[in-house]
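S.K.: Here's a sequence, model it:
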Amino acid sequence: MKSDKIKKGLERAPHRALLYATGIPRTEMKKPFIGVATSFTDIIPGHSGMRDLERFIEKGVHTGGGYPFFFGIPGICDGIAMGHSGMHYSLPSRELIADMVETIAQAHQFDGLILLTNCDKITPGMLMAAARVNVPSIVVTAGPMHSGNLRGKRLSLVNDTFEAVGKYKKGLISDSELQDLEICACPGPGSCQGMYTANTMSCVTESLGMSLAGCATSLAVSSKKRRIAFHSGERIVELVKKNITPRKIMTLNAFENAIAVDMALGGSTNTVLHIPAIAHEAEVDLPLELFDRISRKTPHITNMLPGGTDYLEDLEYAGGIPAVMKRLKPKLKNTMTVTGLKTFDIMDSAEIMDEAVIRPLNKAYHKEGGIAVLRGNLAPDGAVVKQSAVSDNMMKFNGKAKVFNSEEDGMKAILSNKIKAGDVVVIRCEGPKGGPGMREMLSPTAAIAGMGLSDSVALITDGRFSGGTRGPCIGHVSPEAMEGGPIAIVRDGDVISIDIPNRKIDIQLDEKEIKSRLKSLKAFKPKIRKGWLARYAASVTSASTGAVMKDYK
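M.R.: Model (predicted):
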């Protein structure tokens, strides 16, 4: 066992003394040491219920014949960090999480890992670490939040609070109605109720084969989630004994399965950052074009929030990810999973309990998957849009640019009623380097939607969007403004053409004018010049490659 390096041999007497100081009995020293990385925190609703799951994981590890050691990993609630300087830290925290798990796992030579996670950047950070450390690992996602309820109407965080800001500004709801929404939208622990980034990444994790079957959609604080936590603890010991490591599971075929499930669900555009970053750590080549190739041949078969009407609880009661994969079986590969079963075994035993929630392929909501990759003279290295959340009349759109060099300036203009039908809001200098940290633009997009403009206004950014975004919102524009990409030369009044079906995004300028503007372009200055974010900005790569940190050759 790997842990023998810290507990066997004469020279390890001091190490054993320190281990005994933790209270471990001598009888347990021969068992596999399992590190349990827990991202419990009081401030993230998706993580506040993890203390309960920690107990069941611990019971499971002991039952399986291992000995667990818990260690803490930080987390950020994107909803709370949204719309202010805190969002600079969200995407960079993914790298810190991966580094911290690697650090603790390697320093203490754990034989296996349980990764207890739930929200937006914590889950991909944990998966990146699993691929990097490559000791047997299982991910336990803590589960989605139940829908809120107000006077018989179901509520979700994004559609009923973020978009309420725009509705309030337009005079569509009162003070008391806004306060009612605030108190009722999020009724308890769990990740936000739609197919936003947290739940999308949980679904990706399960379809990748890194969680037990049913884990992604089983609701927070449910007995089912407790049982999954217990069995994950029990199962990790078996993975250690058989030396089934993450890279044996996270193969190219497994990533293709995960992307197909993502497309079928209409998941968050953030997966186009996270899946390549995980693949990078697993040493799997996964180009941006793969998302578009899979999307073109994978029907969108669910109608999940924010673009649709179904909640995660609906998907859970319809059969969860095993049922979705059963529906997609003709398009998927038979791969290994942490369960000990192959994906086809899991699909074959799954039951589709509600065909209105998980539609047949020939009755899909859209012929193509949820995400499209656009290119053109405005985004030579690519841009990303959640096409499943765009109305038919906005799939092709020409509009005049209104340009802002920060999210704050764009938001101010939106709430001041300076954005009108036919405009294309361009928010730049918010990419991985320029932000730094590639802030999510949920506040501007939700305000636009709340003001009734999502079918007449587009938003383009070198930053990114929340999984809760809907409407013609195009992010990850690469190269970003900070790197001198064409988005840096856009001026107020320039006409921008968006053609999602044909995967095009262009600024209506001739080649000569574009070259002239690029030649005379003055470099943008970094917004933050000290601390972790300055170091991050100096080392992060483009959004088109997953915004991973530069490798040292």
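S.K.: how about the longest helix along the chain as PDB, C-alpha atoms only?
M.R.: Ranked by number of residues, the top helix in the chain under DSSP state H is helix 223-242. What follows is helix 223-242, C-alpha atoms only, in PDB (Å, rounded to 0.1, in the frame of the first residue of the first chain):
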ATOM      1  CA  SER A 223     -31.800   9.100   3.000                       C
ATOM      2  CA  LYS A 224     -30.700   8.000  -0.500                       C
ATOM      3  CA  LYS A 225     -27.900  10.500  -0.400                       C
ATOM      4  CA  ARG A 226     -26.800   9.100   3.000                       C
ATOM      5  CA  ARG A 227     -26.800   5.600   1.600                       C
ATOM      6  CA  ILE A 228     -24.700   6.700  -1.400                       C
ATOM      7  CA  ALA A 229     -22.200   8.300   1.000                       C
ATOM      8  CA  PHE A 230     -22.000   5.100   3.000                       C
ATOM      9  CA  HIS A 231     -21.500   2.900   0.000                       C
ATOM     10  CA  SER A 232     -18.900   5.300  -1.500                       C
ATOM     11  CA  GLY A 233     -16.900   4.900   1.700                       C
ATOM     12  CA  GLU A 234     -17.300   1.100   1.600                       C
ATOM     13  CA  ARG A 235     -16.400   1.000  -2.200                       C
ATOM     14  CA  ILE A 236     -13.200   3.000  -2.000                       C
ATOM     15  CA  VAL A 237     -11.500   0.300   0.000                       C
ATOM     16  CA  GLU A 238     -12.300  -2.200  -2.800                       C
ATOM     17  CA  LEU A 239     -10.900   0.200  -5.400                       C
ATOM     18  CA  VAL A 240      -7.700   0.400  -3.400                       C
ATOM     19  CA  LYS A 241      -7.400  -3.400  -3.200                       C
ATOM     20  CA  LYS A 242      -7.900  -3.700  -7.000                       C
END
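S.K.: in the stretch 401-550 of the chain, which spans are strands?
M.R.: 423-427, 458-461, 473-478, 495-499, 504-507 (DSSP state E, counting those that start in this stretch).
S.K.: Buried residues, the second one. List them.
M.R.: So that's strand 458-461. 458-461 (16 or more other C-beta atoms under 10 Å). All C-beta atoms are positioned from the backbone trio N, CA, C, and that covers glycine.
S.K.: Can you spell out which helices and strands pack onto that strand?
M.R.: If contacts are counted by 3 or more C-beta pairs under 8 Å, 6 or more residues apart in numbering; DSSP states H and E, strand 458-461 sits against strand 423-427, helix 442-450, strand 473-478, strand 495-499.
S.K.: now swap in the first one and tell me
M.R.: In terms of contacts (3+ C-beta pairs under 8 Å, 6+ apart), strand 423-427 is packed against strand 396-404, helix 407-415, helix 442-450, strand 458-461, strand 495-499.
S.K.: Adjacent strands (with direction) for it?
M.R.: Its sheet considered, strand 423-427 pairs with strand 396-404 (parallel), strand 458-461 (parallel) by DSSP bridges.
S.K.: What residues sit buried inside the first one?
M.R.: Within strand 396-404, the residues scored as buried using 16+ other C-beta under 10 Å are 397, 399, 401-404.
S.K.: Closest one of the buried residues of strand 458-461 to residue 491?
M.R.: residue 460 (13.6 Å; C-beta to C-beta).
S.K.: Dump the buried residues of strand 396-404 to CSV, plus pLDDT.
M.R.: Formatted as CSV, the buried residues of strand 396-404 follow (pLDDT from 0 to 100):
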residue, pLDDT
397, 97
399, 98
401, 98
402, 98
403, 98
404, 98
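S.K.: nearest to residue 389, of the strands paired with strand 423-427?
M.R.: Closest approach to residue 389 among the strands paired with strand 423-427 (C-beta to C-beta): strand 458-461, 12.4 Å.
S.K.: and the closest residue to residue 1 other than its chain neighbours, what does it touch?
M.R.: Closest residue to residue 1 apart from its sequence neighbours, by C-beta to C-beta, 6 or more residues apart in numbering: residue 111 at 5.0 Å. Residue 111 sits next to 1-3, 32-34, 66, 135-136, 240 when contact means C-beta atoms under 8 Å, 6 or more residues apart in numbering.
S.K.: Go through those and flag which are in strands.
M.R.: Secondary structure assignment (DSSP state E) places 33-34 from these within strands.
S.K.: Which one (most neighbours) among the contacts of residue 111?
M.R.: The member of these that has the most neighbours, counting by other C-beta atoms under 10 Å, is residue 34 with 31 neighbours.
S.K.: So which residues of the stretch 101-250 of the chain form strands?
M.R.: For the stretch 101-250 of the chain, the strands defined by DSSP E, counting those that start in this stretch cover 112-117, 137-141, 148-150, 153-155.
S.K.: can you put those strands in CSV and add distance to residue 431?
M.R.: CSV is the format used below for the strands of the stretch 101-250 of the chain (distance: least, C-beta to C-beta, whole Å):
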stretch, distance to residue 431
strand 112-117, 26
strand 137-141, 28
strand 148-150, 34
strand 153-155, 33
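S.K.: Tell me which of those sits most buried.
M.R.: strand 137-141 (a mean of 31; mean count of other C-beta atoms under 10 Å).
S.K.: Which residues outside it are in contact with it?
M.R.: Contacts of strand 137-141 (C-beta under 8 Å, 6+ apart): 53, 57, 112-118, 123, 126-127, 130, 191, 201-202, 205-206, 210-212, 215-216, 228-229, 232, 235-236, 239, 245-246, 338.
S.K.: What residue in this structure is the furthest from its centre?
M.R.: residue 10 (46.3 Å; C-alpha atoms, centre = their mean).
S.K.: What separation do you get for the residue nearest to residue 1 and residue 310?
M.R.: Using C-beta to C-beta, to the nearest Å, one gets 41 Å for the distance from residue 111 to residue 310.
S.K.: picking that back up, could you dump the buried residues of strand 396-404 into a markdown table with distance to residue 379 added?
M.R.: As requested, the buried residues of strand 396-404 are exported to a markdown table (distance: C-beta to C-beta, whole Å):
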| residue | distance to residue 379 |
| --- | --- |
| 397 | 15 |
| 399 | 16 |
| 401 | 14 |
| 402 | 18 |
| 403 | 15 |
| 404 | 18 |
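S.K.: re the thing from before, from the contacts of residue 111, pick the one nearest residue 347.
M.R.: residue 136 (23.6 Å).
S.K.: just checking, that closest one touches residue 244?
M.R.: Yes. Using C-beta atoms under 8 Å, residue 136 is in contact with residue 244, at 5.7 Å.
S.K.: Can you show me the helices along the stretch 301-450 of the chain?
M.R.: 312-317, 320-328, 343-349, 407-415, 442-450 (DSSP state H, counting those that start in this stretch).
S.K.: Those: which one's closest to residue 552?
M.R.: If you check each of the helices of the stretch 301-450 of the chain against residue 552 by C-beta to C-beta, helix 407-415 wins as the nearest, at 31.9 Å.
S.K.: Lovely, talk soon.
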